[in-house]
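In: Take a look and give me a structure for this.
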Amino acid sequence: MTLTLWQMILSHVLTIMLLVAQMVLSLTPEVTPQAPRQTLKPILYLPSITQPAFIQIGRLVRGPYGRGSDFNVRALITSTLSLPIYQTTIRVTAYASPNNPFGILTTTTFLPVLFPGQADGFRVIFKDGWPNIGEIKAEVISWTTVTTQTYLTPSFIFTPAHSSIYGTYVAGMILNDTGITLTNIAIATWSLYDSSPDRDVSTVTLLTPNQVITFSHILGEEMPLNSIRVGIQGIATP
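Out: Next up is the predicted model:
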């Protein structure tokens, strides 16, 4: 076989191989280069307020303080947590108009501890707020369930003895039935009646086991006697 014949055979073989390669390429899907995939980082959304779900602030009672231009805000506050809550701080924001704050005040509850199932209260007074204040917003901004002291509530009874245009007189009796000596006993009397911004808080230094003492408070407005609330807490001695 001559060299020319071999060249012709080789040429036909190469032609066939090229046709087969073109057919294979035509059947292979085109792969488009992909951009490097970016790893998405998780986004953490934090609440815009610190009001815990287990602390409830009741209806805000509001109005002028006495006959002046000061504006008073008060409310009942309760907790559904199974633990006592200490150092509860409330922030109250007053608005003269939407998005136009008149002022911001912070306060604490009348009593040092917010016990489960027990009601407490708070009050703030905005200087010269009447009649400029419109909307009111209140929220709990700090609290703790940790303390180095133990607070107990002794038994007590109280009687709103008299109410007139000069004020409401409240008398009560406390029995230390905790079995432990109590110190710094806080006694708070208040009302959420619409016309009454007042409250009275006093402190008894020492209360030994089974000791009985009396107390009296005066609220500066006339009010229904069934609107009055009293709370008492003391610190247990080691």
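In: Can you report how many residues neighbour residue 62?
Out: Neighbours of residue 62 under the rule other Cβ atoms under 10 Å: 19. To be clear about C-beta, it is placed using only N, CA and C from the backbone, and glycine gets the same treatment.
In: Kindly apply the preceding question to residue 176 instead.
Out: Taking other Cβ under 10 Å as the criterion, the count of residues near residue 176 is 23.
In: what do you get for the one 4 residues further on?
Out: Here the neighbour count serves as a burial measure; for residue 180 (other Cβ under 10 Å) it reads 16.
In: mind starting the numbering at 49 from now?
Out: Noted, 49 is the first residue going forward, which turns the last one into residue 228.
In: Setting aside sequence neighbours, what's the nearest residue to it?
Out: Once flanking residues are discounted, residue 228 sits nearest to residue 284: 4.7 Å by Cβ to Cβ, 6 or more residues apart in numbering.
In: Across the sheet, point out what pairs with the one you found.
Out: Beta-bridge partners for residue 284, by DSSP bridges, are residue 230.
In: wait, isn't residue 131 in contact with residue 164?
Out: Yes. Using Cβ atoms under 8 Å, residue 131 is in contact with residue 164, at 7.3 Å.
In: could you point out where this structure is predicted with low confidence?
Out: 49-99, 114-115, 242-245 (pLDDT under 70).
In: quick one: the longest strand seen in the chain to chain centroid distance?
Out: Longest strand of the chain, by residue count under DSSP state E: strand 133-145. Offset of strand 133-145 from its chain centre (Cα atoms, centre = their mean, to the nearest Å): 9 Å.
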